[in-house]
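Chemist: got a predicted model here, sequence first, then my questions.
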Amino acid sequence: MSLGVAHDGPPDRFPHLLAPGRIGSMALRNRIVMSPMETMYGTPEGHPSERTVAHFAARAAGGVGLVTVGATGIDPLHPETPGGLQIGADEAVPAHRRLVEAVHAHGARIQPQIVHAGPDGLGPELHGVTSLGPSVIGSYLTGRPSAEATKEQISGVLDQFRAAAARVREAGYDGIELHAAHGYMFLGSFLAPQRNRRGDRYRGTSAEGRARVVLEALAAIRSEVGADFPVTLRITGYERVAGGRPIHDTATIAPLLVEAGVDAFHVSGGVIDRLVTGMVNAADDGDGLNVGAAAAVREAVDVPVIAVGRLHDPHLAERVLADGRADFVALGRPLLADAELPAKLAAGEGARVRRCISCENCIDTLEEKLATECAVNPFTGHDLDLVLPSTPAASRALHVVVVGAGPAGLEAARLADGLGHRVTVLERSDRPGGALVDAVAVHPENGPYLSWLLAEVARSGAVVRLSTTATPDLVAGLSPDVVLLATGGRVALPALPGDHPRVLRGLAPHALEGVRRVVVIGGRLAAVEYAETLAATGRLVALLTTGAEIAPEFGLKRRTEHMDRLDRLGVTVHAGCTVEALTPTGVRWVPAHGTARELPADAVVLAGEVVADPALADAIAERLAGVPGRPGGVPVRVIGDAGGLGLIRGATADAARAVADLPVPDRRPAGP
């Protein structure tokens with residue numbers, strides 16, 4: 001059975017991405033750098049944990065050339081985040097050495113990004129110390145103001161950089177990345193004119209004054225590690241804020257920084273804020289948005305330049321290198337989504353790369369769980385606690401019946417097939433993809449993930465039966481050893497009195513032709529994206545939700561980006577309101593703290609809420625309860641939205657855990 005995906009053509013070639021490279025004395029097997037990202041996997045003391053080691057070792061095994069460990073503090077009293085790493089004390093060195101050895105075992109190089117949190121650390125909250133900055137400025141995270149660092153305090157911070165560099169070398173790292181980007185932490189805040197209001201030799205009114213503390217930090221590091229130890233500088237090319245540094249400012253100071261000992265530049269963009277809006281860019285920001293600034297620096301210096309920022313498509317990354325805009329590319333979220341990205345490119349399997357969908361679940365989980373996770377890759381951050389069993393011998397393979405070919409069902413099918421199990425997928429519609437099909441229509445960034453899932457299942461040995469309703473008797477007739485129920489949730493629609501000539505019950509992206517005014521009732525993410533899709537075609541859209549917030553399934557960053565998009569599109573949004581009835585010309589509603597009124601509409605969309613729907617699972621479990629020779633019956637497990645709305649991240653996590661928990665049979669399973 002075909003899933004409607006094309007077979008692979010000639011293998012992709014990436015000669016520039018896969019070419020060996022060099023940063024100072026450090027030889028790299030390719031031009032792909034793992035961008036520094038906060039994971040919060042560290043121990044309470046800020047040391048690399050076993051989870052940290054497993055995470056980076058997986059990316060090294062996946063073929064990346066250089067791993068850059070996220071912000072690693074040089075002063076334990078000034079951590080940037082809870083669970084963040086530090087190398088500000090000798091006691092940290094053995095744990096860092098274990099991390100280095102694990103990465104080296106897979107042929108990659110590794111460097112830490114060393115930082116002093118400056119005005120943006122949690123020292124006041126965690127240790128009762130005063131934050132230090134170039135001026136009295138508030139922390140982007142807490143708002144608590146820093147003190148203006150004295151010259152003596154600046155000298156003390158420089159000593160900490162020097163000592164940290166010695167520990168970096170002692171731990172066996174291959175180089176250092178020095179963080180001076182995004183207008184925050186100690187060095188970056190001195191570089192940012194909007195935060196540096198000093199009038200002394202570190203003054204914020206001149207490029208040389210702003211750069212002075214960075215030059216001094218480089219001198220301190222070089223005095224400890226010598227001229228041959230590679231040092232990369234992370235710097236913002238364009239700060240993108242009023243009063244911030246423009247591209248030409250960065251290009252102007254770059255030669256001074258090279259003279260001070262920089263072996264490579266890692267050119268990012270934007271400045272820090274509470275939601276890392278300018279640092280971790282959304283889909284609306286476009287692709288390759290820092291490439292121009294990276295190219296400007298490259299044109300001014302003779303050392304390598306690393307470009308970073310929404311280079312999710314390997315073909316785009318290859319083109320950046322081929323055009324001479326940069327010498328290396330740094331990938332962050334793409335390597336969370338697929339740790340094996342470099343290896344797949346090297347094997348000519350670029351089409352098999354699981355692409356980042358810019359859902360920003362990795363940011364949400366830092367807020368929600370104090371740990372980075374990935375929606376499309378459930379193993380990110382769970383290398384130790386989510387482990388698939390070894391491929392079973394043929395005599396111990398299971399017949400796994402998956403009911404539903406949405407994201408949870410397809411993910412379960414490909415994983416189970418990859419372990420050697422026999423997989424049958426039953427899908428009642430005539431096309432696979434489930435709710436993800438409509439999700440692609442309203443959020444195109446989901447498209448690569450759907451295409452990848454379909455291609456991987458088509459490539460597998462799983463049998464997919466479309467237009468097949470999975471009745472309990474049909475499932476029983478397949479003699480399954482385990483059933484994974486992935487039929488999706490049930491959409492519960494509001495029961496509104498009255499009537500309107502055009503009411504759409506549920507979301508169908510292409511069902512509203514010839515209407516101008518639309519009222520969408522519901523606040524879940526799908527309803528929000530649907531409202532955006534309608535408004536983007538010129539319709540006048542109002543979004544009404546009885547809840548206190550739109551898109552509650554997501555974290556604040558993604559939710560704020562949706563609010564920005566709704567604003568640009570002119571969508572009116574009302575939360576905490578009451579919808580009383582349909583009328584012939586619209587809806588009767590009560591805004592929060594307001595009085596009843598009518599909102600005119602040519603069409604009304606009842607988006608509804610997705611709720612758990614275990615009815616079919618219960619029926620199948622009852623039918624399979626009395627299978628001869630199977631005490632307790634055949635296991636039936638609900639995954640994905642059938643167990644409650646969980647979006648893509650819930651679907652993939654449920655599927656992975658269900659497959660990891662598959663029972664081990666005592667016999668070869670029978671069945672057709």
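Modeler: Ah, there it is.
Chemist: leaving out the residues flanking it, which one is nearest to D302?
Modeler: V258 (7.4 Å; C-beta to C-beta, 6 or more residues apart in numbering). Just so you know, the C-beta spots here come from the backbone N, C-alpha and C atoms, and that holds for glycine as well.
Chemist: and if you look at A217?
Modeler: The shortest distance from A217 to any non-neighbouring residue, by C-beta to C-beta, 6+ apart, is to F161 (5.0 Å).
Chemist: contact partners for the one you found?
Modeler: I74, I114, H116, L178, A217, A220, I221 (C-beta atoms under 8 Å, 6 or more residues apart in numbering).
Chemist: among these, which are in helices?
Modeler: A217, A220, I221 (DSSP state H).
Chemist: follow-up on the earlier one: does the residue nearest to D302 belong to a helix, a strand or coil?
Modeler: helix (DSSP: H, G, I helix; E, B strand; the rest coil).
Chemist: verify the stated contact: it with V301.
Modeler: Yes. Using C-beta atoms under 8 Å, V258 is in contact with V301, at 5.1 Å.
Chemist: where along the stretch 1-150 of the chain do the strands fall?
Modeler: For the stretch 1-150 of the chain, the strands defined by DSSP state E, counting those that start in this stretch cover 21-23, 26-28, 32-34, 66-73, 85-86, 109-115, 132-133, 147-148.
Chemist: which parts of the fourth one are buried?
Modeler: Which is strand 66-73. Neighbour-count burial for strand 66-73, counted by 16 or more other C-beta atoms under 10 Å, picks out L66, V67, T68, V69, G70, A71, T72, G73.
Chemist: dump those residues into CSV; add distance to P342 as well.
Modeler: Shown next, in CSV, are these (distance: C-beta to C-beta, whole Å):
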residue, distance to P342
L66, 11
V67, 11
T68, 14
V69, 17
G70, 19
A71, 23
T72, 23
G73, 29
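Chemist: among the residues you listed, which one sits closest to E532?
Modeler: Closest to E532 out of these is G70 (32.3 Å), distances taken as C-beta to C-beta.
Chemist: distance check, the closest one against G244.
Modeler: Using C-beta to C-beta, to the nearest Å, G70 is found at 23 Å from G244.
Chemist: same question, D661
Modeler: Distance from D661 to G244, by C-beta to C-beta: 50 Å.
Chemist: out of these two, which sits in the more crowded spot?
Modeler: G244 (19 against 11; other C-beta atoms under 10 Å).
Chemist: mind telling me what element the residue nearest to A217 is part of?
Modeler: Here F161 sits within helix 151-170, counting by DSSP states H and E.
Chemist: show me what the strand or helix carrying L415 is packed up against.
Modeler: In the assignment (DSSP H and E), L415 maps to helix 407-418. Other helices and strands packing on helix 407-418, by 3 or more C-beta pairs under 8 Å, 6 or more residues apart in numbering; DSSP states H and E, are strand 399-403, strand 422-426, helix 447-459, strand 482-485, helix 647-660.
Chemist: try 7 Å
Modeler: Other elements packing on helix 407-418 under the criterion 3 or more C-beta pairs under 7 Å, 6 or more residues apart in numbering; DSSP states H and E are strand 399-403, strand 422-426, helix 447-459, helix 647-660.
Chemist: quick one: the first one to chain centroid distance?
Modeler: How far strand 399-403 lies from its chain's middle: 30 Å, per C-alpha atoms, centre = their mean, to the nearest Å.
Chemist: just want the angle from that strand to helix 647-660.
Modeler: Strand 399-403 runs at 160 degrees relative to helix 647-660, counting by axes from the mean of the first three to the mean of the last three C-alpha atoms, to 10 degrees.
Chemist: need the residues that contact strand 399-403.
Modeler: 409, 412-413, 416, 421-426, 470, 475, 478-487, 669, 671 (C-beta atoms under 7 Å, 6 or more residues apart in numbering).
Chemist: which residue sits closest to V168 in space, ignoring its chain neighbours?
Modeler: Here the residue nearest V168, using C-beta to C-beta, 6+ apart, is I176, at 5.5 Å.
Chemist: quick one: that neighbour from V262, how far?
Modeler: 11 Å.
Chemist: kindly report the same for G594.
Modeler: Taking C-beta to C-beta, one finds G594 at 59 Å from V262.
Chemist: now do D641
Modeler: 50 Å.
Chemist: cool, and L485?
Modeler: Relative to V262, and taking C-beta to C-beta, L485 is found at 56 Å.
Chemist: just want to know which of those two has more residues nearby.
Modeler: L485 (30 against 26).
Chemist: OK, contacts around the more buried one?
Modeler: With C-beta under 7 Å, 6+ apart, L485 has these contacts: V403, G404, L616, A617, I620, V636, R637, V638, I639, A642.
Chemist: do R167 as well
Modeler: R167 touches I87, D90, A92, V93, counting by C-beta under 7 Å, 6+ apart.
Chemist: what does G270 give?
Modeler: Contacts for G270 (C-beta under 7 Å, 6+ apart) come out as H182, T236, E239, R240, G278, M279.
Chemist: any chance of those residues in CSV with pLDDT, distance to A511 and secondary structure as columns?
Modeler: Shown next, in CSV, are those (pLDDT from 0 to 100; distance: C-beta to C-beta, whole Å; DSSP: H, G, I helix; E, B strand; the rest coil):
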residue, pLDDT, distance to A511, secondary structure
H182, 96, 44, coil
T236, 97, 45, strand
E239, 94, 44, coil
R240, 92, 39, coil
G278, 82, 37, coil
M279, 85, 39, coil
